[in-house]
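In: After the sequence you'll find the predicted model.
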Amino acid sequence: MAHFRGARGARFLTRCLLLVAALAARGQAAPAGDAQGLRFFDIPALPLAEALQRFTASTGHSGLYDSGLVAGRRSRGVAGHYTAESALRLMLGDSGLQARYGSPDTFTLAAVATAAPGPAETLAARQRYYGKLQAAMRALLCGDPDVRPGSYRAAVSLWFGDSGQVRRVRLLDSTGSPERDQLLTQRLGRLKLDEAAPPGVGQPITFVIRPGQAAATGDCLA
């Protein structure tokens, strides 16, 4: 997937929402690197989804990618002092995927074949689509006090129909309140984009709403 733009609205998912690879990071603070950005990694060869969980937990970086993209793939082991970007590149190894950083702490994953020079239009379409999804999620959640991010965590999968309308919502991780779980599911069911997902965007699109970050970054300020 192509990198995100730097505007506040387009940063919303990169700061408040990230994919299931970050579920293991709950409650953990990422250790700081040295002056050159080097930090110590000790991540063995694992199923790629698990390796990405460890990577995001240890670095604090956010990843946005289709959950099905990493299924059935394995990582290479990474041990030693590396920059986060170098460690991620080594970890992906010959998995058939490559990472693209759109900001110092936000990356996307894409199949190597789709990142070749030929299908530039496909990458641009995916970039545009995810930008629209970011903006729509920010408007939907920040504009509703019942589901406004900042005080809860939830993992959610969304399926979109050909019209751009959400056709299925699955709450993977409770917010801690059954009432809010129901409201969040209802609100997300109203989400609609003005275009269908372009080729290369798998379904479902899964993300995590993390507590605290919206207030810390000001992403939900009017």
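Out: Looks like it arrived, so ask away. Residues are numbered from 1 along each chain as shown.
In: Where does pLDDT dip in the protein?
Out: Across the chain, residues meeting the criterion (pLDDT under 70) sit at 1-36, 113-121, 212-222.
In: The top helix by length along it packs against which elements?
Out: Identified as the longest helix of the chain according to DSSP state H is helix 120-142. Packing partners of helix 120-142 (3 or more C-beta pairs under 8 Å, 6 or more residues apart in numbering; DSSP states H and E): helix 12-16, strand 106-111, helix 178-189, strand 205-209. In this view, the C-beta of every residue, glycine as well, is placed from N, C-alpha and C.
In: Alpha carbons of it, in PDB - could you do that?
Out: C-alpha atoms of helix 120-142 as PDB (Å, rounded to 0.1, in the frame of the first residue of the first chain):
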ATOM      1  CA  ALA A 120       1.600   2.500 -10.700                       C
ATOM      2  CA  GLU A 121      -2.000   3.300 -11.300                       C
ATOM      3  CA  THR A 122      -3.000   0.400  -8.900                       C
ATOM      4  CA  LEU A 123      -0.800   1.700  -6.200                       C
ATOM      5  CA  ALA A 124      -2.200   5.300  -6.600                       C
ATOM      6  CA  ALA A 125      -5.700   3.900  -6.500                       C
ATOM      7  CA  ARG A 126      -5.000   2.100  -3.200                       C
ATOM      8  CA  GLN A 127      -3.400   5.200  -1.800                       C
ATOM      9  CA  ARG A 128      -6.400   7.300  -2.600                       C
ATOM     10  CA  TYR A 129      -8.800   4.600  -1.200                       C
ATOM     11  CA  TYR A 130      -7.000   4.400   2.100                       C
ATOM     12  CA  GLY A 131      -6.800   8.100   2.400                       C
ATOM     13  CA  LYS A 132     -10.600   8.300   1.900                       C
ATOM     14  CA  LEU A 133     -11.000   5.500   4.500                       C
ATOM     15  CA  GLN A 134      -8.900   7.400   7.000                       C
ATOM     16  CA  ALA A 135     -10.900  10.600   6.600                       C
ATOM     17  CA  ALA A 136     -14.200   8.800   6.800                       C
ATOM     18  CA  MET A 137     -13.200   6.900  10.000                       C
ATOM     19  CA  ARG A 138     -12.000  10.100  11.600                       C
ATOM     20  CA  ALA A 139     -15.200  11.900  10.800                       C
ATOM     21  CA  LEU A 140     -17.400   9.000  12.000                       C
ATOM     22  CA  LEU A 141     -15.600   8.300  15.300                       C
ATOM     23  CA  CYS A 142     -14.400  11.700  16.300                       C
END
